[in-house]
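> Make a model of this:
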Amino acid sequence: MSNPLKFKDKNRSQFFPTVRKRVDAYFVENALSTHANRAMWAKSSFFLIGYATLYGLILSNQFGLWTMLGLAIVLGMFAAFIGFNVSHDGLHGSFSGRSWVNRLMGNSFYILGANPYIWKITHNIVHHTYTNIPGHDEDIELAPGLVRLDSQEDLRPWHRYQQWYTFPLYALASLSWVLRKDFLKFFKSKIGHHDNSSHPRAEYIKLFVSKTIYYICFLVLPYVILDLTWWQLVIGFVLMHVAEGLVLGLVFQLAHAVEGTDFPIPDERGDIQSAWAVHQMHTTANFAPDSAMAAFLCGGLNRQIEHHLFPKVCHIHYPAISKIVKETAHEFGLPYLENRSFGSALVSHFRLLRTLGQVESTKPGEHTILPLTQRVPEPSL
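Modelled structure (predicted):
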């Protein structure tokens, strides 16, 4: 049974038709493809070649323990950057107009130990449709019971400290993904309220074969080839995933869990009383929009607003279309949420976690985010 939640656009908002028409016109007038350009191919090659090179250097057994540990940490970061810059666009079908190219790029997820098939369900279908809606978007369920982002969840004594212990949990995200999360999601009957009970037989084979190959490449081969004890190997493997998890966790959370983003609760009929695109403007935020480094490393995910409105457009074009989106949002009286730097977004995320760790449950139909005047003071970071 599919998710019954519906977006009720009673006001007949013209925001999305207008912004879509203007963005389409931008590509036509400039004779541009919405897919990857040379710069996109260049940086994708950089991250893929860099990842292979780092892995090869580690297996060369030509370095000392501390050097190999450093290489493993950088390898974990490159894994996250491949996820952002290559896999993500491929899985959204925005990398190329050719489906086989998108499949190839999306399948780069396998070399990171992740499953692209289950990701497309949890992210493309569920998260992009039901963004920040408690009980529907499982991406905001960081650690059920431990981290509170749902205003209707019972407030527990430990939640008052969640702004401190949530960040270390991000470090475990990649490790959990590789060892546990994909299996758990694959065999769940529902993801949010999405029916997940039936999968093609080929996907069962791909899941177990790809995981086995990954474990062989990153646990068995290094143990056989390198002059390492088992516990030294485990430390390197864990720290590689700690680095990857921190990068992944922070980038994704700074786009949806900062001050100003909404966590709307469906009404008594299970509906959201706004247009889908309007909902995206209330639940999504950008960070470091003027940073060339953020754009290069984060695969456009620092411009999450543009990504949620136009997931079929390659992220290399987000800086250009962001001007159109921002102007149109202001024209229609809609929020365009952004933190000017990575640091300010990080502090905002911290404050939001602290606020939600102290605020009692709200009723259906109420908003999670407190007015600015009621928020807790800014922490000294």
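
> Please make it C-alpha for all contacts and neighbour counts, starting now.
Fine.

> Output stretch 124-133 as CSV - backbone C-alpha positions only.
The C-alpha trace of stretch 124-133 is given here as CSV (Å, rounded to 0.1, in the frame of the first residue of the first chain):
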residue,chain,number,x,y,z
ASN,A,124,14.6,9.7,-4.3
ILE,A,125,11.1,8.5,-3.6
VAL,A,126,10.6,9.0,0.1
HIS,A,127,12.9,11.8,1.3
HIS,A,128,12.4,14.0,-1.8
THR,A,129,8.6,13.6,-1.6
TYR,A,130,8.0,13.8,2.1
THR,A,131,10.9,16.0,3.2
ASN,A,132,11.1,16.6,7.0
ILE,A,133,7.7,15.0,7.7
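
> List the contacts of stretch 309-317.
Stretch 309-317 is contacted from outside by 34-37, 39-40, 89, 92-95, 277, 280, 299-301, 307, using Cα atoms under 8 Å, 6 or more residues apart in numbering.

> That should have said stretch 202-213, apologies.
With contacts defined as Cα under 8 Å, 6+ apart, stretch 202-213 is touched by Y110, G113, A114, N115, Y117, V178.

> Could you look up the SS state of the fifth one?
When the structure is reduced to helix, strand and coil (DSSP: H, G, I helix; E, B strand; the rest coil), Y117 reads as helix.

> Show me where the stretch 201-350 of the chain has its strands.
With DSSP state E, counting those that start in this stretch, the ranges of strands along the stretch 201-350 of the chain come out as 271-272, 285-287, 337-339.

> go on, the stretch 51-200 of the chain?
Assigned by DSSP E, counting those that start in this stretch, the stretch 51-200 of the chain shows strands spanning 190-191, 194-195.

> ranking those by burial, who's on top?
Mean neighbour count, computed with mean count of other Cα atoms under 10 Å, is highest for strand 190-191 among the strands of the stretch 51-200 of the chain, reaching a mean of 18.

> From the contacts of stretch 309-317, list the buried ones, please.
34-36, 40, 89, 92-95, 277, 280, 299-301, 307 (16 or more other Cα atoms under 10 Å).

> from these, which single one is nearest T131?
Q280 (7.0 Å; Cα to Cα).

> which one of the strands of the stretch 51-200 of the chain lies closest to T355?
strand 190-191 (27.4 Å).

> chain center to that closest one, what's the gap?
18 Å (Cα atoms, centre = their mean, to the nearest Å).

> Partner strands of that strand and their direction?
For strand 190-191, the paired strands and their directions (DSSP bridges) are strand 194-195 (antiparallel).

> so where do the helices sit in the stretch 151-300 of the chain?
Taking DSSP state H, counting those that start in this stretch to define them, one finds helices in the stretch 151-300 of the chain at 162-171, 173-176, 182-186, 201-215, 221-225, 230-256, 276-283, 292-298.

> and the angle from the first one to helix 230-256?
With axes from the mean of the first three to the mean of the last three Cα atoms, to 10 degrees as the basis, helix 162-171 and helix 230-256 are set at 120 degrees to each other.

> Quick check: closest non-adjacent residue to F81.
Leaving aside its sequence neighbours, F81 sits nearest to L297 (Cα to Cα, 6 or more residues apart in numbering; 6.0 Å).

> pLDDT score assigned to the residue nearest the centre of the chain?
Among the residues of the chain, the one closest to the centroid is F252, at 3.8 Å (Cα atoms, centre = their mean). On pLDDT, F252 comes in at 88.

> swap in L54?
As predicted, L54 sits at a pLDDT of 98.

> And M1, by the same measure?
At M1, the model reports a pLDDT of 40.

> One more: the one 5 residues further on?
K6 carries a pLDDT value of 89.

> quick one, phi/psi of the residue of the chain most remote from its centre?
Note on the chain: the largest C-alpha distance from the chain mean falls to D227, namely 36.2 Å (Cα atoms, centre = their mean). Dihedral angles of D227 (phi, psi; degrees, to the nearest 10) stand at phi -80, psi 70.

> Could you do F187 as well?
Torsion angles, degrees, to the nearest 10, at F187: phi -100, psi 10.

> repeat for the one 10 residues further on
Torsion angles at S197 (phi, psi; degrees, to the nearest 10) stand at phi -90, psi -10.

> what's it in contact with, if anything?
Applying Cα under 8 Å, 6+ apart, we find S197 in contact with F187, K188, S189, K190.

> Could you list the low-pLDDT ranges of the stretch 101-250 of the chain?
In the predicted model of the stretch 101-250 of the chain, no residue satisfies pLDDT under 70.

> what sits against the residue nearest to F81?
Shown in contact with L297 (Cα under 8 Å, 6+ apart): F81, F84, N85.

> Could you measure from the second one over to Y215?
This points to F84. According to Cα to Cα, to the nearest Å, F84 and Y215 sit 22 Å apart.

> What of P335?
45 Å.

> Comparing those two, which residue is more hemmed in?
Between P335 and Y215, counting by other Cα atoms under 10 Å, P335 is the more crowded of the two (18 against 15).

> shouldn't the more buried one be in contact with H282?
Yes. The pair P335 / H282 is scored as a contact, 6.5 Å apart, by Cα atoms under 8 Å.

> quick one: I111 from S96, how far?
Distance of I111 to S96, computed by Cα to Cα: 20 Å.

> who has more neighbours, these two?
Applying other Cα under 10 Å to I111 and S96 shows that S96 carries more neighbours, namely 22 against 19.

> Quick one: residues contacting the residue nearest to the more buried one when sequence neighbours are not counted.
Nearest non-adjacent residue to S96, counting by Cα to Cα, 6+ apart: H35, 5.1 Å away. Residues near H35 by Cα under 8 Å, 6+ apart: S94, F95, S96, G97, V313, C314.

> Many thanks, I have nothing further to ask.
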